[in-house]
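[1] pasted the sequence and its predicted model underneath.
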Amino acid sequence: AALALQSASLPSCAELEYEGTHQDCVLVTANGHTATFTFEPGEWGESGILIVTNAEGDCLWTDEFETESFFLPRLEDLDGNGFEDILVPLITGNVNTEMLLIMGGEGGYALASREISGHTFEPVVPGLFVVQARSSAIEHYASFYAWDGATLDLEATVSITFDSDESASCTLATGAVGRGEDFYCAAVMNESDSTE
């Protein structure tokens, strides 16, 4: 009950702007779950605690993390199952951000990764999402991850290379799993021009 009262008084993480330190905040999922984030000074940035509760106040998930990213946590249904996933930024470099990724589903929440990194995280088809990362000014990578409700698998990675005439080429770097290069490249080539 005390956590529910505390959460009700906190601002939404989605409405905050980073101003040098993280502010305690909440995210509320479409199905009424509340993710409460509290922060305090940590070893190499800020130490954070995440507690997810349902509408009745029952604890569904709890996690601890360290962050030195200037981004705030957010919700996104990456695997297209109708349940929002929790993305917690941990480290932000020049372009890419390493994330703590907690997937939501019918049975609750599950840890997918503590080190998935990129600048764009987007759903592709149910059970599959893409993480785009920049390795240099002319080369980007797009990694496709399959989530089955319990296990995160890297299905394929494509390399996107920008040419001097501002055109881009896409090639399969790893994987295939029956979908093929055309499928993966088509999923990212329309958006890749905006990530230069």
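    Looks like it came in fine.

[2] ok, then the element right after the helix or strand bottoming out on mean pLDDT in the chain?
    For the chain, counting by mean pLDDT, DSSP states H and E, helix 2-8 ranks last in confidence among helices and strands (a mean of 62). Counting by DSSP states H and E, the next helix or strand C-terminal to helix 2-8 is strand 25-28.

[3] does the residue nearest the centre of the chain belong to a helix, a strand or coil?
    The residue lying closest to the centre of the chain (C-alpha atoms, centre = their mean) is L87, at 3.9 Å. Under DSSP: H, G, I helix; E, B strand; the rest coil, L87 falls in the strand class.

[4] which residues does it contact?
    73-76, 99-101, 121 (C-beta atoms under 8 Å, 6 or more residues apart in numbering). C-beta coordinates here come from the backbone N, C-alpha and C atoms, glycine included.

[5] L111 contacts V88, doesn't it?
    No: with contact defined as C-beta atoms under 8 Å, L111 does not reach V88; the gap is 11.0 Å.

[6] joint contacts of those two?
    With C-beta under 8 Å, 6+ apart as the test, L111 and V88 both reach 63, 101-102.

[7] neighbour-wise, give me the winner out of these.
    L101 (24 neighbours; other C-beta atoms under 10 Å).

[8] who are the contact partners of that one?
    Counted by C-beta under 8 Å, 6+ apart, L101 has contacts 78, 85-88, 111-114, 116, 152.

[9] dump the residues you listed to JSON lines, plus distance to E68.
    Converted to JSON lines, the contacts of L101 look like this (distance: C-beta to C-beta, whole Å):
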{"residue": "L78", "distance to E68": "23"}
{"residue": "D85", "distance to E68": "22"}
{"residue": "I86", "distance to E68": "19"}
{"residue": "L87", "distance to E68": "16"}
{"residue": "V88", "distance to E68": "12"}
{"residue": "L111", "distance to E68": "20"}
{"residue": "A112", "distance to E68": "21"}
{"residue": "S113", "distance to E68": "18"}
{"residue": "R114", "distance to E68": "14"}
{"residue": "I116", "distance to E68": "17"}
{"residue": "L152", "distance to E68": "24"}
